[in-house]
Structure formats: C-alpha cells, structure tokens
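> Make a model of this:
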Amino acid sequence: MNCATLLRGAVPLPASTVPYTPMEQAVGELLLPGAANAITIAELEKYLLLSPRAIKKAVRGLRVRHRIPVCGEKGDGLGGSGYYIADTAEEIERACNLLMDQALSMLQAAAAIPGRGRIRIKEKLGQLRLAIDTLEWQKT
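Next up is the predicted model:
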C-alpha cells in the first residue's frame, strides 16, 4: 500500500479470479465505500501519476473484469464528485442509471452521424443483447 492509500484508510481489494493489473490495483486501493468518500480523477492523478484515460481504464477493469461495484458521481448527484465503492443499493442504482444514460447519449450521437451509423448501431445492439444473455446464463 502506498502513502495515499494509508492516508485515505482504504481496505485491500477483494480476491479475484482474474489477476489485477498494476493500474487496477493502484486505483482500487484508493477507493473507499460510500459516495461521501468519493475520490476525484484529479486526486487519483496526483497520487498515482496516471493519466485520466489510464484511471478510467482501470475503473472499467475493476467493474467489468473483477465485478467490483465502482460508482462514479459527476458532482450533481447526492454524493460528491469522483469514484467510490458502492455501499448502498441506492448508490448502485444511481451509478447504473448514470452509466446507462451515458451509453444512450453516445448511441444517439453515433446515430446522428450521416452514413452507416444507424445500421452499425443495430448490429452493436444485437451484440450487446447476446453479451447480456451470456452474462445472465453464467450467473445460473
């Protein structure tokens, strides 16, 4: 654990079936439970000397590869701005809604681009349905 982790009082990451990358480990160790304990990308950059892109990639890995409920707030929600580990069902719901709203906004932007945008979106939506079905099947 580095000094920033000790200062924030973070707990070690849970065991995972997939090894953590060094970036996932570093970012994950600085995340605390609860929206009130959110840490901003700017703070993560300062502590870890990583780019915002690298931080977002590590957060995605924590969410997708390790299934850790990393939430994000943009500062207009009930919590602060930044990343944190979900501590309540409400935090998970808020985070999921935010991620889905972002995804829909990106799909709308792609559909607005002239050309094959709409056709490609339909293809991607089909792939997404398959991926979700696969995830549901793996849970059973």
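
> The protein - how does it break down into domains?
Domain assignment of the chain by automatic domain parsing yields the ranges 1-87, 89-140.

> what mean pLDDT does the first one have?
Averaged over domain 1-87, pLDDT sits at 85.

> Out of the domains of the chain, indicate the one that is most buried.
Among these, the stretch with the highest mean neighbour count (mean count of other C-beta atoms under 10 Å) is domain 1-87, at a mean of 16. C-betas here are computed from N, CA, C, even on glycine.

> does the residue lying closest to Asn37 once chain neighbours are set aside sit in a helix or strand, and which one?
When the adjacent residues along the chain are set aside, Asn37 lies closest to Tyr84, with 5.4 Å between them (C-beta to C-beta, 6 or more residues apart in numbering). Tyr84 belongs to strand 81-85 when elements are defined using DSSP states H and E.

> From Leu50, how far off is the residue lying closest to Ile92 once chain neighbours are set aside?
Nearest in space to Ile92, with sequence neighbours left out and distances taken as C-beta to C-beta, 6+ apart, is Ala86 at 4.6 Å. Taking C-beta to C-beta, to the nearest Å as the measure, Ala86 and Leu50 are separated by 22 Å.

> Tell me the confidence at the residue lying farthest from the centre of the chain?
For the chain, the C-alpha farthest from the mean C-alpha position belongs to Gly115; by C-alpha atoms, centre = their mean, that distance is 31.0 Å. With respect to pLDDT, Gly115 scores 75.

> for Ile132, same thing?
According to the model, Ile132 scores 72 on pLDDT.

> looking at this, it is in a helix?
Yes. The assignment for Ile132 is a helix, going by DSSP: H, G, I helix; E, B strand; the rest coil.

> Could you look up the SS state of Thr17?
When the structure is reduced to helix, strand and coil (three-state DSSP), Thr17 reads as coil.

> how close does it get to Lys46?
Distance, Thr17 to Lys46, by C-beta to C-beta: 32 Å.
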